[in-house]
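Student: Sequence first, predicted coordinates after that:
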Amino acid sequence: MWKVTKTNTLWVFVSCSHEPRHLYDVIFAVDCLRHRGVADAHVRVFVDHPRPAQYLAPYGISAVHSIEDVAPTLAAASRYQHVFTTVAGHGSTAGLGPSAHTVSPTKLLTDVRSVAGISHATLLVTQCYGGIFNLLDATQKPETVTIGATNLNPSLSAPINMPAIKQKNGSDGVSSWTANLFMLELFNWLRAPKDVDGDGLATLVDAYKHAGAATNQHLRAAKAGLFMQVRRLGEELENARKQGKLPVEIDAIELKLNRSLETLHLHQEPWLLHANLARKIQF
């Protein structure tokens with residue numbers, strides 16, 4: 001067994017998105033780590049958002065890097081036994097980020113493994129089409145556990161409400177945003193680890209099981225309401241066309257309908273690569 005402590009792990013976040021909601025996912029995760037006693041010095045954040053400080057700085061997340069700096073920054077890191085990298089934001093069947101600047105799974109995994117002196121690593125991929133990171137060589141040194149929120153499908157995000165996250169000045173910050181539910185639930189588990197499978201230990205396997213089950217509970221609850229919403233929006237769209245409403249009004253209804261249909265037919269399929277190592281990583 002190997003135990004994650006406050007100082008022996010480097011926590012890395014990579015977010016490929018210009019949407020603030022994905023930065024809020026990172027803010028929540030960092031807040032969970034602080035609750036565990038992890039100092040900010042052990043956290044690295046990489047984004048491609050054009051104005052990240054506007055959202056991250058109020059929460060004391062100031063050491064923010066560009067995604068282009070992942071490789072040199074991680075290669076320069078040392079003093080750690082483990083690196084835990086979380087991928088947020090958008091993904092595609094080619095990897096991370098927009099097509100013009102895609103980061104491939106092999107490239108990111110190579111960067112993660114480049115942290116000097118680590119014994120092993122964890123790669124948590126929460127973006128859409130996370131299965132593009134599956135079936136890589138997990139036993140290459142340093143060995144790596146990869147956890148995917150979903151396989152070759154979109155990943156589920158949904159509106160959530162929770163106690164406000166405190167800003168650096170002590171005031172209440174964000175409490176509601178469209179969160180990546182798998183990432184939210186996994187860091188909820190990290191905030192207060194518990195034994196899920198009854199083996200007497202709180203391991204990375206337990207984190208995976210909790211996050212996967214909780215995310216699909218969210219999905220089942222959402223689908224019940226979405227079925228009726230799709231019917232209502234379909235009727236609303238048909239009536240808008242018959243009444244000759246403005247194209248912009250019709251487009252707005254159609255957009256809502258398409259988003260509801262996408263979630264209604266979403267199949268969230270979490271997965272884990274290298275379970276033998278995951279059972280040894282204890283919290």
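Tutor: Great, that's in hand.
Student: CA atoms for contacts and neighbours, from now on please.
Tutor: Fine.
Student: correct me, but residue 115 touches residue 77?
Tutor: Yes: under the criterion of C-alpha atoms under 8 Å, residue 115 lies in contact with residue 77, with a separation of 5.6 Å.
Student: Show me the helices in the stretch 51-200 of the chain, by range?
Tutor: Counting by DSSP state H, counting those that start in this stretch, the stretch 51-200 of the chain forms helices over residues 53-56, 70-76, 105-113, 181-191, given from the N-terminal end onward.
Student: just the ones you listed: most buried one?
Tutor: Using mean count of other C-alpha atoms under 10 Å, the stretch among these with the greatest mean number of neighbours is helix 181-191 (a mean of 23).
Student: Now do that helix: which elements does it pack against?
Tutor: helix 20-35, helix 204-242 (3 or more C-alpha pairs under 8 Å, 6 or more residues apart in numbering; DSSP states H and E).
Student: hmm, who's touching stretch 203-210?
Tutor: Contacts to stretch 203-210, defined as C-alpha atoms under 8 Å, 6 or more residues apart in numbering, come from residues 147, 185-186, 189-190, 193-197, 272, 275, 278-283.
Student: Surely residue 3 touches residue 281?
Tutor: Yes: look at residue 3 against residue 281 with C-alpha under 8 Å: they come within range, at 5.9 Å.
Student: between these two, which one's more packed in?
Tutor: Here residue 3 and residue 281 are set side by side on neighbour count (other C-alpha atoms under 10 Å), and the busier one is residue 281, at 21 against 14.
Student: Setting the sequence-adjacent residues aside, check what's closest to residue 196.
Tutor: Once flanking residues are discounted, residue 196 sits nearest to residue 206: 5.2 Å by C-alpha to C-alpha, 6 or more residues apart in numbering.
Student: how far away is that neighbour from residue 214?
Tutor: Taking C-alpha to C-alpha, to the nearest Å as the measure, residue 206 falls 12 Å from residue 214.
Student: now do the same end-to-end measure for stretch 129-142.
Tutor: So stretch 129-142: terminal residues 24 Å apart, C-alpha to C-alpha.
Student: Same check on stretch 76-90?
Tutor: In stretch 76-90, first residue to last residue: 26 Å (C-alpha to C-alpha).
Student: just to revisit the earlier point, quick one, which of the helices and strands packed on helix 181-191 gets closest to residue 143.
Tutor: Ranking the helices and strands packed on helix 181-191 by their distance to residue 143 (criterion: C-alpha to C-alpha) puts helix 204-242 first, at 14.3 Å.
Student: low-confidence ranges in the stretch 1-150 of the chain?
Tutor: 98-101 (pLDDT under 70).
Student: circling back: for the helices of the stretch 51-200 of the chain, give me TSV that also has distance to residue 139.
Tutor: Formatted as TSV, the entries for the helices of the stretch 51-200 of the chain read as follows, by distance: least, C-alpha to C-alpha, whole Å:
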stretch	distance to residue 139
helix 53-56	35
helix 70-76	20
helix 105-113	12
helix 181-191	24
